[in-house]
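Chemist: Attaching a predicted model along with its sequence, questions to come.
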Amino acid sequence: MSGTLYVIGTGPGGPQQMTPEALDAVSKSTDFLGYGPYLDRLSLRADQNRIASDNREELDRAQAAIVRAVSGTNVCVVSGGDPGVFAMAAAVCEAIDNGPDEWRAIDVVIVPGVTAMLAVAARIGAPLGHDFCAISLSDNLKPWDVITRRLKLVAEAGLVIALYNPISKARPWQLGEAFDILRNVLPAETPVIFGRAAGRPDERMLVMPLGQADAQKADMATCVIIGSPETRVIPRPGKSDLVYTPRFISGEKR
Ligand SMILES: C[S@@+](CC[C@H](N)C(=O)[O-])C[C@H]1O[C@@H](n2cnc3c(N)ncnc32)[C@H](O)[C@@H]1O
């Protein structure tokens, strides 16, 4: 009989942001596959096996997890944040879609988690209070011209944009170009939030207008949220600004 394949997210980093359902999946699993820093967030028992692999080996990891589940082990595939947002749940589905028929028979339990943009948004106010989208700025798995076209279209449509994977050593210039594209569409005063390491001890939130947005303020642990023309900043004496997008837009019924 096959085991169950759990696919969980640890949340953005802080232990309080990992859901009880994810913790329950951890307690029921024997083998844990994931990127080392994500596995480090779990407190595993002596009888639980940690199988760490490089962050770029997602499909291999998904296949290895499925093989273990087919052989009868309860397996847990671990992502950061939510496992369905630019993470392992899609890799597991891709592996099953392209794998042998017997892989379709295993029990797969995908456990939702707190994704980075929600943690960043909650720290700063309510920038995702109206329509929004999430875009990965990584051109490892899609062409750069697809990304630039999407950025332009969603900005023209008035959506708030949450950018994941904004910058890395191998992708140093893409975020700067993304800001240039957005400056051609959006007002210079549109708030841009650099939400770094939300929920972790080294968390840092920074807000600046799009006209001055500096890509160097982001790193791999940053989720960048670009407001819509409706997004507002509320300055507060002695407290950090609140950034929010109202639930209505001009001309809409309230
Ligand atoms: C490969 S994606 C994984 C996203 C993850 N599955 C999620 O739901 O948050 C990695 C990107 O998520 C964002 N990210 C992850 N954790 C974060 C955190 N604690 N604070 C801000 N952004 C974070 C960054 O943009 C990072 O480059």
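Modeler: Structure's in. What do you need? None of these values were measured; they are calculated from a predicted model.
Chemist: Would you mind listing the residues in contact with the residue in the stretch 51-200 of the chain that the ligand sits nearest to?
Modeler: As assessed by Cβ to the nearest ligand atom, the ligand sits closest to Gly81 within the stretch 51-200 of the chain, at 2.0 Å. All C-beta atoms are positioned from the backbone trio N, CA, C, and that covers glycine. Contacts of Gly81 were listed using Cβ atoms under 8 Å, 6 or more residues apart in numbering, and they are Gly9, Thr10, Gly11, Pro12, Ala87, Gly113, Val114, Thr115, Ala116.
Chemist: what's the residue nearest to the third one when sequence neighbours are not counted in contact with, if anything?
Modeler: The one in question is Gly11. In this structure, Gly11 finds its nearest non-sequential neighbour in Gln17, 3.3 Å apart by Cβ to Cβ, 6 or more residues apart in numbering. Contacts for Gln17 (Cβ under 8 Å, 6+ apart) come out as Gly11, Val114, Ala119, Gly199.
Chemist: again with Cys133
Modeler: By Cβ under 8 Å, 6+ apart, Cys133 lies in contact with Val154, Leu159, Val160, Ile161, Ala162.
Chemist: what separates stretch 6-19 from the chain centre, distance-wise?
Modeler: 12 Å (Cα atoms, centre = their mean, to the nearest Å).
Chemist: oh, I was asking about stretch 196-208
Modeler: How far stretch 196-208 lies from its chain's middle: 14 Å, per Cα atoms, centre = their mean.
Chemist: Stretch 104-124 now?
Modeler: 8 Å.
Chemist: before we move on, back to that, may I have the beta-bridge partners of the residue of the stretch 51-200 of the chain closest to the ligand?
Modeler: On the basis of DSSP bridges, Gly81 is bridged to Gly11.
Chemist: This protein against the ligand: which residues are in contact?
Modeler: Counting by Cβ under 6 Å from any ligand atom, the chain comes close to the ligand at 9, 12-13, 79-82, 85-87, 115-116, 119-120, 164-166, 195-200, 220-223.
Chemist: can you pull the buried residues of stretch 112-125?
Modeler: 113-125 (16 or more other Cβ atoms under 10 Å).
Chemist: That should have said stretch 86-94, apologies.
Modeler: Phe86, Ala87, Met88, Ala89, Ala90, Ala91, Val92.
Chemist: Verify the stated contact: the second one with Ile8.
Modeler: When you say that, I think you mean Ala87. No - contact criterion Cβ atoms under 8 Å: Ala87 and Ile8 do not qualify, at 10.1 Å.
Chemist: all helices of the chain, in order?
Modeler: Applying DSSP state H to the chain gives helices spanning 20-28, 36-39, 58-70, 88-98, 116-124, 144-156, 174-183.
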